[in-house]
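# Just a sequence and a predicted model for now, questions to come.
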Amino acid sequence: MRVVVGVGGGIAAYKSCSLIRSFTENGHHVRVVPTESALEFVGRATFEALSGSPVHTGVFADVPEVPHVRLGQEADLVVVAPATADLLARLAGGRADDLLSATLLTARCPVLLAPAMHTEMWEHPATAANVDTLRSRGVVVLEPASGRLTGRDTGSGRLPEPDEIFGLAMLLVERADALPRDLVGRKVVVTAGGTREPLDPVRFLGNRSSGKQGYALARVAAQRGADVTLIAGFTTELPDPAAVDVVHVKTAQQMQTAVRKFAPEADAIVMAAAVADFRPATIAGSKIKKGANEPDSIPLVRNDDILAGLVDARRSGSIETSTVIVGFAAETGDEHGDVLTYARAKLARKGCDLLVVNAVGDGKAFEVDHNNGWLLGSDGSESALGEGSKALLAGRVLDAVVAVLDSTSNQQ
Ligand code: CTP
């Protein structure tokens, strides 16, 4: 695939180096097109070495090759990271006064801009209007992350992590319309990862959930405009997704408390977490030792089913009746029934609106970047989610959530 990585003139330009590497390491052909001011932050030689191709900023280099037209025309994907306030303004205005802006005018492939700037600049009405203009033309403008900016400031305007930009860019290659702004104004709660139920100060009962699917759901929902709260258990050290409020919890009971806190405000709740069904009945105050006092067995007690509790809360009116509730099921099937038979029974038992079903076992689903499965609806609908990245599947699940939300809004 031919990828153009545009780099604007901001301190986050150094992070574009990791992004360029991700593309080249995955076998893609990269042309880096920095602005002149980006070269104040990262030298041309770095970009040329990382991409293995010449780097120009103006339209008068290599004139016989006509790069100001060719690069954009031939690209399969254009990613700009960081996109500064000035660059967004130039692109919204349709300028073609350097190689990067000319490339963006000629590109007909998916275009993803990852803004990074100080919070005041990001929140300025001029920038907001430029972002709206670009989005209305089909350009994907990512929500920036919050957190530490250059100097002492913190706030919205940080460049999302290069891995996250890479994942979202590849999502656009899988599906060009994967990031519509159809969740603006919606509050979405997502749970992810596994809970750990302590046994003593050093041991716990846990599970193999990586959290990747839940994190992908939170990330994609946020980039589709939702106000997202991610209630995260243990994961394989995933970084917090950009533009998502993350609440870290450890046990099933803590997850339940957090879900109950955020559920009344939510338009949709997606229970992707692998919540432990049982916990040790007592937590030993000191490490359980071998020897005379060692326990013969460890009694367990049932944790509440958080998902079923949400459905009950909706029935009793303590959360909105319009709240869309999504459950997950990991099934293996056995001699009494296949994966879908068990999943249909689980959907009916749990009473949620949508159930995402994954076939597990033999290295499927857990700890991998790809996933596949089915989506069952309480209206009897069943669709295959198909093979794809966890981000792509997240998008398909969110499409179904949007469809339920829209049908409920239309009924009101
Ligand atoms: N879940 C939950 N609270 C629990 C256990 C599970 O909210 N204490 C949610 C999960 O987040 C998931 C769904 O329920 O969305 C399905 O979980 P699963 O463990 O597969 O369901 P179980 O009812 O425990 O079914 P099984 O008998 O197959 O274990």
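Received the coordinates, thanks. Numbers count the residues shown, from 1 in each chain.
# what about stretch 20-39, distance to the chain center?
Distance of stretch 20-39 from the chain centroid (Cα atoms, centre = their mean, to the nearest Å) equals 22 Å.
# what's the strand or helix carrying Val189 packed up against?
For Val189, the host element (DSSP states H and E) is strand 187-192. Here strand 187-192 touches helix 212-223, strand 227-232, helix 252-262, strand 268-271, going by 3 or more Cβ pairs under 8 Å, 6 or more residues apart in numbering; DSSP states H and E. In short, each C-beta sits where N, CA and C put it, glycine included.
# do you know which of those lies nearest the ligand?
Using Cβ to the nearest ligand atom as the measure, strand 268-271 is the one of the helices and strands packed on strand 187-192 that comes nearest the ligand, at 3.6 Å.
# So what touches whichever helix or strand comes after the closest one?
Downstream of strand 268-271, the first helix or strand assigned by DSSP H and E is strand 278-280. Applying Cβ atoms under 8 Å, 6 or more residues apart in numbering, the external contacts of strand 278-280 come out as 197-199, 205, 251-253, 298-303.
# what's the answer for stretch 64-78, then?
1-4, 6, 31, 33, 56, 59, 61, 96, 99, 102-112, 169, 172-173.
# Could you work out the end-to-end span of that stretch for me?
Using Cα to Cα, to the nearest Å, the end-to-end distance of stretch 64-78 comes out at 23 Å.
# can you tell me the average pLDDT over that stretch?
Stretch 64-78 carries an average pLDDT of 89.
# Write down the beta-bridge partners of the residue in the stretch 51-200 of the chain positioned nearest to the ligand, one by one.
Residue nearest to the ligand within the stretch 51-200 of the chain (Cβ to the nearest ligand atom): Thr191, separated by 6.2 Å. Beta bridges link Thr191 to Ile231, Met271 when assigned by DSSP bridges.
# give me the number of residues near it?
When neighbours are counted by other Cβ atoms under 10 Å, Thr191 registers 31.
# Does the closest residue to Asp182 other than its chain neighbours belong to a helix, a strand or coil?
Counting by Cβ to Cβ, 6 or more residues apart in numbering, Asp182 lies nearest to Val402, which is 5.1 Å off, once chain neighbours are set aside. Under DSSP: H, G, I helix; E, B strand; the rest coil, the three-state class of Val402 is helix.
# if we can go back for a sec, go back to the contacts of strand 278-280 and keep what's next to the ligand.
Among the contacts of strand 278-280, the residues lying close to the ligand (Cβ under 6 Å from any ligand atom) are 252, 303.
# Filter the contacts of strand 278-280 down to just the buried residues.
Buried members of the contacts of strand 278-280, counted by 16 or more other Cβ atoms under 10 Å: 197-199, 205, 251-253, 303.
# among the contacts of strand 278-280, which are in strands?
If you go by DSSP state E, the contacts of strand 278-280 have 197-199, 205, 300-302 in strands.
# So which bits of the stretch 201-350 of the chain are right by the ligand?
Contact residues (Cβ under 6 Å from any ligand atom) of the stretch 201-350 of the chain with the ligand: 252, 271, 273, 275, 277, 303, 305-307, 327-330.
# Of the residues you listed, which is the nearest to Ala243?
Within those, the smallest distance to Ala243 is 20.3 Å, found for Ala273 (Cβ to Cβ).
# So that closest one is in contact with Gly214, correct?
Yes. At 6.2 Å, Ala273 and Gly214 qualify as touching, with contact defined as Cβ atoms under 8 Å.
# just to revisit the earlier point, which among the residues of the stretch 201-350 of the chain next to the ligand count as buried?
252, 271, 273, 275, 303, 305-307, 327-330.
# Name the nearest residue to Met255, sequence neighbours excluded.
Excluding the flanking residues, the one nearest Met255 by Cβ to Cβ, 6+ apart is Val249, at 4.8 Å.
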